[in-house]
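based on what follows, work out the 3D shape:
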Amino acid sequence: MSLRVFVVVGAKGGVGATSIAMQLVDELPSSGPRFIVDADLSGRRAMAIWYDVAKELDLGRVPGSPAMTNKGSLSIVELARSYEDGFVVSAEAVEQFAHKLPEHGLVVVDAPQPFAATVRPFMMSAAKIIVISEPTLLGVGSAHATLSAMDRFGIPPSRIAFTLYDLRNNAELRAREVQESLKFAIAAQLPAPRERGWSRTFGRFVDTLAATPELDPMHDLRPSTANPIGDRRQARRPDPVRPAPVPFPGASSLGGASAGAASVFVTMPPATGDVAAAERLKTELHRAMLTKIDFLAAARAHTDAGKLADLRKQVDAIADELLASRKDITSAEHASRVRHEVIEEAMGLGPLESLLHEPDITEIMVNGFGNIFVERRGRIEDTAKQFVDDRQVRLVIERIIAPLGRRLDESSPMVDARLPDGSRVNAIIEPLAIDGPTLTIRRFGTKRFGIDDLLRVGAVTPPVIDFLRAAVQARLNIIVSGGTGSGKTTLLNALSSFIPKADRIVTIEDAAELKLDQRHVVRLEARPPNLEGKGAITIRDLVRNSLRMRPDRIVVGECRGAEALDMLQAMNTGHDGSLTTIHANSARDALSRVETMVLMAGFDLPVRAIREQVAGAVDLIVQVSRLRDGSRRVIGVSEVVGMEGDVVTMQELVKYRQRGIDDEGNVIGDFEPCGVQPICLARFEELGVPYDVSTFQLTSIARKEPTWLR
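Model prediction:
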């Protein structure tokens, strides 16, 4: 079998195309070496991060050429680190790279949308171009644009495998409705990965692709004039180097030459002034649309497919009309790009859309319509983004909360919600927010931080992790304590990986954030009251209910109220091995917070009785903190040992001692054991949990690289 090429493209962002590509390169049969090509020009570097080869790719990178490194038997190829680099890597360089590929093997390409000329060599030789879309109204609209673009390229339908992937389990449409709307056959329907039947369905999909007959390269593809849509941060960079357009020879580097094929040019992004003009134009278009369309009513009617389809048509028509009347748009490419971005922002989250695609942003903060701040690498910075007015901010908030059944109005001016990718959202409006609607989005990375990641960035040391592993396996009750944004949830996720696979775990959260790897997990989420103020289900209600669900472990995302009493009772009545987080500045403060929250339950309990409950239930408190350089770190591990009089006694086992700041502003310090023997060692021995106490020794660590934990 000769070299086989499969191109995977998402009809829109966030539909799981990259994850499908990475699974296909593992699952598809191959008689030779395997290559996976990251052709995304927007700077996300998902594959470099996932395979942990970013440094190797950067060290071996030659300017103007694709970068490649190996991870075991797999070769990872990266066409660009960023949008700007995407145009430095020319189509000619990609073709020269493709010429060097072996005659036998497998190539899977994660392609951008719209297509750039740099992926044309792979497209021409693709056995199948796999278009991934989600079964939602927006997904269908994006799929229509993608399939139309492929038709303009001259790609025959027989080369396209249109695939529905319900990644978020939020299907709005049936497959039959999608097929009728697009007039295009569906090759496969993939459920969410956690759904039953995923492995079997994906296996059949792989078998179908593997059975694709070998076909001749598509030499007669028509030229593309579409610019790729990518990160526009380069507009604020000083004097970027912009090479001249590079003509692309019409030959296919993987399957012969064709002298008659037309030339395609790698078009450059507009100059800085043009980008600023484009941003002003987009703001004008948004303002015009807001005067003509009631987006707020449309957002609240999110379940009405007909109304959403009408809204899409109105947005399309208004964008076309306004762009046609603008004489400062000098090219079809410029108009096409602006139109695409305006529509995506109008139907999406406005000026926040591009920020949500920047992987190094961990927090987005909107203070009224004119001020948008982000946290990047642990530090807060201003952005040039802004909304048109407060009404557009309200529209974005409504789009986020409407699918979740939440509400935001004068009678309920605060709301917590989450985005489909798990990012946590908080919004508050007037009259509570004096300067206009305020929106805060806490983002979570696409790759979950595991134990190895925590060790790599210096958040904790191997001896401390080894002790916490033994504590989790010995079913100690653990509280992770820290301030806002200190990494509590990240550490809780990492500690959960030590829970045995056979245990039945019930997670309880206000807004679902935890991502546990075990299969036997029941996820519960609290529900706010409805429009009549009824129907609320609190975390306390869920904790009580979980006791009837035969849990081996109960994991509460965050204790912040009366549920602390039920949690303590659960820990004291056989449900040991539970985990939770709490907001507190120290281990002692964490116990005081638990005591205060138990009193919030409304029972007139003596303070001593509460403290006896705490002393009997809680075994360990792990304190985490965000240091002045933006890094998150475990700064102490304390053990609850009992009562002395009316006081809960603790002993500190490990503490982090800061030694100073290096020349780059990074915190330098040591993890030090406190010279006491943990009482829980007897528990380890009773349950047969392996643990070598000699590993609990002085360990010095200096921070080597930033850690942006959540």
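
which residues touch residue 70?
Taking C-beta atoms under 8 Å, 6 or more residues apart in numbering as the criterion, residue 70 is in contact with residue 76. (Glycine included, C-beta is placed from N, CA and C.)

what bridges to it?
According to DSSP bridges, the residues that bridge with residue 70 are residue 75.

the closest residue to residue 288 other than its chain neighbours: what secondary structure?
The spatial neighbour of residue 288 that comes closest, neighbours along the chain excluded (C-beta to C-beta, 6 or more residues apart in numbering), is residue 322 at 5.8 Å. Classification of residue 322 by DSSP: H, G, I helix; E, B strand; the rest coil places it in helix.

how many other residues sit next to residue 322?
18 (other C-beta atoms under 10 Å).

check contacts around it.
284-285, 288.

top of those residues by number of neighbours, please.
Ranking the contacts of residue 322 using other C-beta under 10 Å puts residue 285 first, with 24 neighbours.

can you map out the helices along the stretch 501-650 of the chain?
539-546, 563-572, 587-599, 607-617 (DSSP state H, counting those that start in this stretch).

mind giving me the packing neighbours of the longest one?
Under the contact criterion of 3 or more C-beta pairs under 8 Å, 6 or more residues apart in numbering; DSSP states H and E, helix 587-599 touches strand 478-482, helix 563-572, strand 579-583, helix 607-617, strand 620-626, strand 632-644, strand 647-661.

that older thread, pLDDT wise, what is the residue nearest to residue 288 at?
In this model, residue 322 is scored at 71, pLDDT.

on that earlier part again, would you mind finding the most buried of the helices and strands packed on helix 587-599?
strand 478-482 (a mean of 26; mean count of other C-beta atoms under 10 Å).

quick one: the helix or strand that it is followed by to chain centroid distance?
Moving toward the C-terminus from strand 478-482, the next helix or strand (DSSP states H and E) is helix 488-496. Relative to its chain's centre, helix 488-496 lies at 16 Å (C-alpha atoms, centre = their mean, to the nearest Å).

quick check: residue 546 vs residue 507, distance?
Separation of residue 546 from residue 507 (C-beta to C-beta, to the nearest Å): 9 Å.

who has more neighbours out of these two?
Remark: of residue 546 and residue 507, residue 507 carries more neighbours, 25 against 22, as counted by other C-beta under 10 Å.

so that one makes contact with residue 522?
Yes - counting by C-beta atoms under 8 Å, residue 507 does reach residue 522; the two are 7.2 Å apart.

now do the strands in the stretch 51-200 of the chain.
Secondary structure of the stretch 51-200 of the chain by DSSP state E, counting those that start in this stretch: the strands cover 67-71, 74-78, 106-111, 126-133, 160-165, 188-190.

nearest to residue 459, out of those strands?
Closest of the strands of the stretch 51-200 of the chain to residue 459 is strand 67-71, at 24.0 Å (criterion: C-beta to C-beta).

got the angle for the closest one vs strand 74-78?
Relative orientation of strand 67-71 and strand 74-78, computed by axes from the mean of the first three to the mean of the last three C-alpha atoms, to 10 degrees: 150 degrees.

now strand 67-71, how far from the centre of its chain.
Distance, centroid of strand 67-71 to centroid of chain: 24 Å (C-alpha atoms, centre = their mean).

alright, that wraps it up for me.
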